[in-house]
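> Pasting the sequence and the predicted model now:
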Amino acid sequence: MNMKVKPNTNLLDVKGMKIHFHSSEGVAKAVDGISFHLDRGEVLGIVGESGCGKSVTAKSIMRLIPTPPGKIAAGQIIFDGTDLLKLSIQQMRRIRGNRIAMIFQEPMTSLNPVFTIGDQISEMFILHRGLRRKQALEQAVEMLAKVQIPEPCKRSREYPHQLSGGMRQRAMIAMALACDPQILIADEPTTALDVTIQAQIIDLMLQLKEDFHTSIIMITHDLGVIAEIAQTVAVMYAGKIVEQAPAVDLFDRASHPYTQGLLKSIPKLGRRAAKGRCDLSEIPGIVPSLYRLPQGCSFYPRCEKAHAVCNSLMPDLHSVSEHHRVRCWLYADKGKRKD
Amino acid sequence: MFVFIIRRLIQCVIVLLTVSLLCFILFQFAGDPVVNMAGKYATIEDIERVRSSLGLDKPFYVQYIRFIGNAAQGNFGMSYVSKMPTLELILERLPATVELAMTAMCIAFIAGVFLGVLVSLKPHSVFSRSIMALSLGGISIPTFLMGILLIMVFAVWLGVLPPFGRGETVNLGFWRSGLITVEGLKHIILPAMTLAMFQLAVLLRLTRGSMREILTEEYVVTAWAKGLPPLKVIFKHALRNALIPVITIAGLQIGEMIAFSIVTETIFQWPGMGNLLVRSIFETDNPVLVTYIMLAALIILAINLVVDILYAYLNPKIRYE
Ligand SMILES: Nc1ncnc2c1ncn2[C@@H]1O[C@H](COP(=O)(O)OP(=O)(O)O)[C@@H](O)[C@H]1O
Ligand code: SF4
Ligand SMILES: [Mg+2]
């Protein structure tokens, strides 16, 4: 791995990635040609309803898609100048956990129940830093202190089931940040938690991002979380990015009918209101099955603004301003369209 | 943990008392040993004399209480046939059976778990499918057939392993071992494989199922995401969890092994407890039978206790409750 720092390039550049799952029902295009990039120190939010391919996207960056049934059918994942999809599995292992780390939705199930917290965190130091067990355990306790777990020494000797959900997610974050990764991928890290705990975890992540200079990909179905943490946002629907914009633009001038629907389902913008996490179920209709996607725009069956062409042709991503792109026929400016 | 062990010990005593009572009631109806012992030409008086000398003329409950009292002191009575203390008779044969059962258990556990893990990793490969088909054979072929098959192949056709007996043994004071001589080891292979085959197949299928489930758990994904090498992910993070149910079953199997060894010992003329048991049944040697059953119950209870402790060790959730 070359560790060259190229200041003006993207840290991560995902280009035209397609991930297919093969099953008896046919091929599910869980991710169908998405592209995004992540700058150093940036927080990118990926938002969308359950099943739209967020987790698959996240796992593919770490090359953790179970194969079979899954397969990265096309695309490039350029991390710091290297295409991760071209690395050998041994080279990939040196990136996992060390330079790109990941935390998951369920703090209940993402820590191993039969090993202590300290043991699981120290494994990172032993593996990637070559520390001995004793020093690694000391470092683990230090990490627990950094994620503001009280009595870190005692906690490090406890098992996951002895900790509350919020504490477990803190421990997961400690484990993920142990080796000072350049990218932290957080797949719905707050979804399973109470509202007050959610806020604490978000605050913690914001603070650690500064301390560790980590870029974050924040995956969530909660636009409220995005509003608090993300600088740029990608909205996903049925395996495609349907709107991509800086967070400010997205909240001010949401353009895609789907994004507008999502925004309407949040009572107060920018603050996770007392109502708690917002399920996005308030848009009428359901996400179509990946095995039976509409021929044209995937959002067509649920879209209030649909017109004739939407049903037959999939729209491209159209620019509405410099960094703001929308996959919708409403914004098709024939001059700019690139078919 | 301490309270847990005490509670289990009390349970054990209750179970033992129940077992002994059942044995006693059963053997009231299991044929009259006195007729056999007094001989063909005995008169009524002869028979009565033998009966009272054995204490068999006393009422049932007196016999039972006396038996419990003696048993508590390690005195299980005399064999009607060989006139030796039954406990001594059985303990003399205990090492042979224990060595056979333990060897079989080791084979079953190590091979079963290892193959189970392998099969779980690539469940659709040709290798995995053939192993699974074979394991179905291991479960459905009866022990005596398995034993005869193995004797046919390894003793008769290939002539590489002895078909019966225990070979050379060495007396280590209280324990007569066949595991430390080459001849002894050669002799134990076939009976141990016969005895192991069924349990091996069971453990293999159990491990496979358990691993298949655990491998999809989020914490296994976490382990991959940490960058751990496959051996660490599979054998540390996944197997350690997958073993929890497997250990429980394996513990129960040790008891079964000792019980199943009756058939195996008979086929291979293995000089163990099972062999003695079969002979004693033919000879209506009730004290030996009762002692055997009590001892078997004791061993199985002890094993279960050890398994429970091991289970608690493997599963922190149990440990701290
Ligand atoms: N292991 C798998 N096997 C088959 N299909 C899968 C698998 N994982 C994901 N998928 C498909 O990918 C789609 C997107 O899943 P996912 O990325 O988990 O959605 P989410 O946006 O809720 O995280 C699912 O609807 C499913 O069809
Ligand atoms: S392309 Fe048509 S159906 Fe799709 S979101 Fe735009 S208006 Fe709605
Ligand atoms: Mg998900």
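In hand now; what should we look at? Numbers count the residues shown, from 1 in each chain, chains lettered A, B, ... in the order given. Ligands and ions are numbered 1, 2, ... in the order given.
> Could you list the low-pLDDT ranges of the stretch 1-150 of chain A?
A:1-9 (pLDDT under 70).
> let's go with 90 and repeat that
In the predicted model of the stretch 1-150 of chain A, residues A:1-11, A:22-30, A:33, A:40-41, A:48-53, A:66-75, A:80-81, A:87, A:104-109, A:146-148 satisfy pLDDT under 90.
> Break down it into its helices, ranges please.
Ranges of helices in the stretch 1-150 of chain A, per DSSP state H, counting those that start in this stretch, are A:54-61, A:89-95, A:117-129, A:133-146.
> Can you tell me which of those is nearest to B:G74?
Nearest to B:G74, of all the helices of the stretch 1-150 of chain A, is helix A:117-129, at 45.9 Å by C-beta to C-beta. The C-beta positions use only the backbone N, C-alpha and C, and glycine is treated the same way.
> is any part of that closest one close to chain B?
Yes: residues of helix A:117-129 are located near chain B by C-beta under 8 Å from any C-beta of the partner chain, namely A:123-124, A:127-128.
> how close does the nearest residue to A:Q260 once chain neighbours are set aside get to A:T57?
Nearest residue to A:Q260 in three dimensions, chain neighbours excluded: A:A254, at 4.9 Å (C-beta to C-beta, 6 or more residues apart in numbering or on different chains). Look at A:A254 and A:T57: by C-beta to C-beta, to the nearest Å, they are 21 Å apart.
> So between those two, which is more surrounded?
Legend: neighbour count by other C-beta atoms under 10 Å in any protein chain shown for A:A254 and A:T57, higher for A:T57 (27 against 22).
> The more buried one is in contact with A:D32, isn't it?
No: look at A:T57 against A:D32 with C-beta atoms under 8 Å: they stay out of range, at 10.8 Å.
> chain center to stretch B:110-124, what's the gap?
25 Å (C-alpha atoms, centre = their mean, to the nearest Å).
> What's the mean pLDDT across it?
Mean pLDDT, stretch B:110-124: 93.
> Quick check: buried residues in that stretch?
Neighbour counts using 16 or more other C-beta atoms under 10 Å in any protein chain shown place B:111-113, B:115-120 of stretch B:110-124 among the buried residues.
> cool, stretch B:11-30 as well?
Under the neighbour-count criterion of 16+ other C-beta under 10 Å, stretch B:11-30 has B:12, B:16, B:19-20, B:23-24, B:27 buried.
> Please apply the same query to stretch B:146-156.
B:146-147, B:150-151, B:154-155.
> Look through the stretch 101-250 of chain B and state the residue closest to ligand 1.
B:T216 (8.3 Å; C-beta to the nearest ligand atom).
> tally of neighbours for that residue?
The tally of other residues near B:T216 (other C-beta under 10 Å) stands at 11.
> Of the buried residues of stretch B:110-124, which pair is most distant in space?
B:A111 and B:S120 (14.6 Å).
> Of the buried residues of stretch B:11-30, just say which sits nearest to B:L239.
When the buried residues of stretch B:11-30 are compared for distance to B:L239 (C-beta to C-beta), B:C12 wins out at 30.9 Å.
> Report the separation between that closest one and B:F24.
Noted for B:C12: a distance of 19 Å to B:F24, by C-beta to C-beta.
> next one: B:G74
According to C-beta to C-beta, B:G74 stands 18 Å off from B:F24.
> Also A:P315?
Using C-beta to C-beta, A:P315 is found at 87 Å from B:F24.
> Can you pull the residues of the stretch 151-300 of chain A lying near chain B?
For the stretch 151-300 of chain A, the residues in contact with chain B (C-beta under 8 Å from any C-beta) are A:159, A:161-162, A:172, A:175.
> Any regions of the stretch 1-150 of chain B where pLDDT drops low?
In the stretch 1-150 of chain B, residues with pLDDT under 90: B:1-13, B:15-96, B:98-99, B:122-124, B:137-147.
> sorry, back to before: which of the residues of the stretch 151-300 of chain A next to chain B fall in strands?
Under the assignment DSSP state E, these contribute nothing to strands.
> between those, which is nearest B:I90?
Here the nearest of these to B:I90, counting by C-beta to C-beta, is A:Y159; it sits at 43.9 Å.
> Please name the nearest non-neighbouring residue to that closest one.
Nearest residue to A:Y159, sequence neighbours excluded (C-beta to C-beta, 6+ apart): B:P316, at 4.2 Å.
> got it, and B:G77?
For B:G77, ignoring the flanking residues on the chain, the nearest one in space by C-beta to C-beta, 6+ apart is B:P287 at 4.2 Å.
> what sits against the one you found?
B:76-80, B:86 (C-beta atoms under 8 Å, 6 or more residues apart in numbering or on different chains).
> closest to B:A302 among those residues?
Checking the contacts of B:P287 against B:A302 with C-beta to C-beta, the nearest one is B:F76 at 17.4 Å.
> Would you mind giving the secondary structure of that closest one?
Following DSSP: H, G, I helix; E, B strand; the rest coil, B:F76 is assigned to coil.
> Near A:E106, how many other residues are there?
For A:E106, using other C-beta under 10 Å, the count is 18.
> where does it fall, phi/psi-wise?
Listed backbone geometry of A:E106 is phi -100, psi 100, with angles given as degrees, to the nearest 10.
> can you pull out the strands in the chain?
In the absence of a named chain, this looks at chain A. Along chain A, counting by DSSP E, strands occupy A:12-23, A:26-38, A:43-47, A:70-79, A:82-83, A:100-103, A:183-187, A:215-220, A:232-237, A:240-246, A:317-321, A:324-327.
> right idea, wrong chain: chain B
Counting by DSSP E, chain B has strands at residues B:170-171, B:176-177.
> Which single residue in the stretch 151-300 of chain A comes nearest to chain B?
In the stretch 151-300 of chain A, the residue that lies nearest chain B is A:Y159 (4.2 Å; C-beta to the nearest C-beta).
> how close does that residue sit to A:I149?
According to C-beta to C-beta, A:Y159 and A:I149 sit 14 Å apart.
> How about B:T266?
Distance of B:T266 to A:I149, given as C-beta to C-beta: 62 Å.
> Mind checking which of these two has more residues around it?
Between B:T266 and A:I149, A:I149 has the larger neighbour count (other C-beta under 10 Å), namely 22 against 18.
> Work out which residue lies at the spatial centre of the chain.
Defaulting to chain A. For chain A, A:I219 is the residue whose C-alpha lies nearest the centre (C-alpha atoms, centre = their mean; 3.1 Å).
> Switch to chain B, please.
Residue closest to the average C-alpha location in chain B (C-alpha atoms, centre = their mean): B:I258, at 2.2 Å.
> Could you find the closest non-adjacent residue to it?
Spatial nearest neighbour of B:I258, chain neighbours left out: B:A101 (5.1 Å); criterion: C-beta to C-beta, 6+ apart.
> for B:I5, what are its contacts?
Counting by C-beta under 8 Å, 6+ apart, B:I5 touches B:305, B:309.
> now it: how far from B:L301?
The spacing between B:I5 and B:L301, counted by C-beta to C-beta, is 13 Å.
> Check A:Q182 too.
Going from A:Q182 to B:L301 by C-beta to C-beta gives 58 Å.
> and B:L239, what is it in contact with?
Counting by C-beta under 8 Å, 6+ apart, B:L239 touches B:113, B:117, B:211, B:214.
> for B:Y41, same thing?
B:Y41 makes contact with no residue under the criterion C-beta under 8 Å, 6+ apart.
> any idea how far it is from B:I47?
Going from B:Y41 to B:I47 by C-beta to C-beta gives 11 Å.
> ok, now B:V290?
Applying C-beta to C-beta, the value for B:V290 to B:I47 is 22 Å.
> Compare neighbour counts for these two and give me the winner.
Each of B:V290 and B:I47 has its neighbours counted (other C-beta under 10 Å); B:V290 has more, 22 against 16.
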